[in-house]
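Engineer: mind looking at a prediction? Sequence and model below.
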2 protein chains.
Amino acid sequence: MSSVQKGGMFQRVALIGIGLIGSSISHAMRRGGLAGSIVGHAKSVATRDTALRLGLISTAYASAAEAVAGADLVILCVPVGACGAIAAEIGPHLAKGAIVTDVGSVKGAIVRDVGPHLPAGVHFVPGHPIAGTEYSGPESGFASLFDNRWCVLTPPPETDPAATAKLKALWEAMGSNVEVMTAEHHDMVLAITSHVPHLIAFNIVNTAAHLERVTDSEVIKFSAGGFRDFTRIAASDPTMWRDVFLNNKEAVLEMLGRFTEDLIHLQRAIRYGEADTLFRLFGEAREVRKGVIQAGQDTAAPNFGREAGADARGKAK
Amino acid sequence: MSSVQKGGMFQRVALIGIGLIGSSISHAMRRGGLAGSIVGHAKSVATRDTALRLGLISTAYASAAEAVAGADLVILCVPVGACGAIAAEIGPHLAKGAIVTDVGSVKGAIVRDVGPHLPAGVHFVPGHPIAGTEYSGPESGFASLFDNRWCVLTPPPETDPAATAKLKALWEAMGSNVEVMTAEHHDMVLAITSHVPHLIAFNIVNTAAHLERVTDSEVIKFSAGGFRDFTRIAASDPTMWRDVFLNNKEAVLEMLGRFTEDLIHLQRAIRYGEADTLFRLFGEAREVRKGVIQAGQDTAAPNFGREAGADARGKAK
């Protein structure tokens, strides 16, 4: 991690939205001494109060327009569907030379909805830190969320490369690895590595919950056979995910089509008892896991390191 | 946990197969002092040597028939597809009054394949501990694997209730909660809570790996957005899972049909931009997670408690 002078890479950072990602950015910036000051706006009074109480921001503003005044870095940390309206609101209040970025899971829609509202002289560098947990809100953030995770930046062609480089250095100082690509490519890659996985997790949880011959308590009792891992993913913020699917429709529908095609191929192998096909396909999937572990993108400890019964009913180990 | 006298609930336990589950049973039995002696058979010499070296068994036998001689408890810990042939081999060598059980993820096929080979006077109580990790082999087991997990017993109607009660007490002494149900109901419940989740995990991993416009390294780099959780599930033993799908075909195909129907409903909502439908369905899925946490079937720590970067490239936290 690069060493950074106290006082920071940016003088005044404005966080618009202070949930899991916004609060984690504050923690990570303060850990690294990367910002002179961090101010913010959140729609709800309760979130603003919590953010002040936790020291996530030094000043809370009731409007986004007030929050961005004088900021040299503005980070939109709200659901993708809310970014366009906020950009329209803050556009006239942005300082000349400021960098505007975001953390949304979809990038094409951000370029489309945010770009047109930004005045000349403001640098637009959309971003997406690929990190998160199933929790949301200002109390769920922590400083190490981005450590060794990847952050993708998708600057439009006209963006000043110096602004992209400065934001890249910030994310690296917050612990991330950074890759720059087009918004279109980002949206396709994330459709398969994040959006479709979330959709099928939401889906299997609901399919199970609606089975009339299996009681709810059975679904939960016997969840350790695999189902519980899907419930964790399906516990993510519904507003954020609704916006992801509405705003990355084409790529998600394409990947879903491939997923279903492959699933029906597997289903047919089961129906006709094709043992060799099943064994081969399962073995191939196992290999991908090794790459994830080698790349440091997950723990190699069994079951994510959770021990059976560790948090269960206070039972002694 | 019930307190058990040293010397054990069973005098001589024979483990047939010593992988993740067989080795964990040995650890859990020795933790609780539940067996006078534990002996075993594994097909491979290497596994038998490892099991002796780790103290999982006191004697290793090259054949299952030798291993079961004189045992008052025989536990089949091999893939479901291998149980029928082993039952045929050990049938003539079983001690009168012995209990024969197994740990397979499918129960109807076990009743069908094992039952006919067991002589009169031997008690048949099929079982399924709903616990596991993505690792396999005799070195992957640990004593707490079954703590606060559920174990399902599916005795056929003619089984002596006293034998079922004795096996139930053993599983409870190994840390489990125990439920008794029919093999048919077990197979339907597990199809949705375990078998179909594994199948869709195997499937999405392979769909992602075969995308020609996304490189393998991108799939792995950006896996923290959800995909990595699926790779863990998809790293499970291919032989075991091949046998599960071949032997629980009807229930799996039925549940897959429902899953696909629900997925196409979601897909349609995305295509037509039905924001309210998506929000509602995602919110419902989130609720199920609360039940899993309350039932002690998973940790409430974010991201299963894994910290970002904890095991990554030796980077300081």
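Structural biologist: Good, I have the coordinates.

Engineer: give me the buried positions along stretch A:86-100.
Structural biologist: Going by neighbour count (16 or more other C-beta atoms under 10 Å in any protein chain shown), the buried part of stretch A:86-100 is A:86, A:87, A:89, A:90, A:91, A:93, A:94, A:95, A:98, A:99, A:100. All C-beta atoms are positioned from the backbone trio N, CA, C, and that covers glycine.

Engineer: average pLDDT for that stretch?
Structural biologist: In this model, stretch A:86-100 carries a mean pLDDT of 98.

Engineer: that older thread, now, which of the buried residues of stretch A:86-100 sits nearest chain B?
Structural biologist: Within the set of the buried residues of stretch A:86-100, residue A:86 lies nearest chain B; the separation is 18.2 Å, counting by C-beta to the nearest C-beta.

Engineer: got a list of what the residue nearest to that closest one when sequence neighbours are not counted touches?
Structural biologist: Among residues not flanking residue A:86 along the chain, residue A:64 sits closest, at 5.2 Å (C-beta to C-beta, 6 or more residues apart in numbering or on different chains). With contacts defined as C-beta atoms under 8 Å, 6 or more residues apart in numbering or on different chains, residue A:64 is in contact with A:16, A:41, A:86, A:89, A:90.

Engineer: distance of residue A:64 relative to chain B?
Structural biologist: Summarising the geometry, the distance separating residue A:64 from chain B, computed by C-beta to the nearest C-beta, to the nearest Å, is 22 Å.

Engineer: how about that residue, phi and psi?
Structural biologist: In terms of degrees, to the nearest 10, the main-chain angles of residue A:64 are phi -70, psi -40.

Engineer: quick one: the strands in the stretch 101-250 of chain A?
Structural biologist: Counting by DSSP state E, counting those that start in this stretch, one finds strands in the stretch 101-250 of chain A at the ranges A:123-124, A:127-129, A:150-153, A:177-180.

Engineer: could you list the low-pLDDT ranges of the stretch 51-200 of chain A?
Structural biologist: Low-confidence segments of the stretch 51-200 of chain A, defined by pLDDT under 70, are absent.

Engineer: tell me which parts of it are close to chain B?
Structural biologist: Counting by C-beta under 8 Å from any C-beta of the partner chain, the residues of the stretch 51-200 of chain A close to chain B are A:105, A:130-135, A:140, A:144-150, A:152, A:175, A:177, A:179, A:188-190, A:192-200.

Engineer: what separation do you get for residue A:71 and residue A:14?
Structural biologist: Residue A:71 sits 4 Å away from residue A:14, going by C-beta to C-beta, to the nearest Å.

Engineer: need the residues touching each of those two.
Structural biologist: Each of residue A:39 lies in contact with both residue A:71 and residue A:14 under the rule C-beta under 8 Å, 6+ apart.

Engineer: okay, the two: which has more neighbours?
Structural biologist: Each of residue A:71 and residue A:14 had its neighbours counted (other C-beta atoms under 10 Å in any protein chain shown), and the higher figure belongs to residue A:14 (30 against 26).

Engineer: so which helix or strand takes in that one?
Structural biologist: strand A:10-16 (DSSP states H and E).

Engineer: OK, contacts around the closest residue to residue A:180 other than its chain neighbours?
Structural biologist: Excluding its sequence neighbours, the residue lying closest to residue A:180 (C-beta to C-beta, 6+ apart) is residue A:153, at 4.9 Å. Contact analysis of residue A:153 by C-beta under 8 Å, 6+ apart lists A:101, A:125, A:126, A:127, A:164, A:167, A:168, A:171, A:178, A:179, A:180.

Engineer: just name the closest of these to chain B, please.
Structural biologist: Of all the contacts of residue A:153, the one sitting nearest chain B is residue A:179; the distance, using C-beta to the nearest C-beta, is 7.4 Å.

Engineer: so who does the closest one touch?
Structural biologist: Residue A:179 touches A:150, A:151, A:152, A:153, B:221, counting by C-beta under 8 Å, 6+ apart.

Engineer: by neighbours, which of these wins?
Structural biologist: For those, neighbours were counted by other C-beta under 10 Å; the highest total belongs to residue A:152, with 25 neighbours.

Engineer: near chain B at all, stretch A:224-231?
Structural biologist: Yes: remark: stretch A:224-231 sits within contact range of chain B at A:224, A:225, A:226, A:227, A:228, A:229, A:230, A:231, by C-beta under 8 Å from any C-beta.
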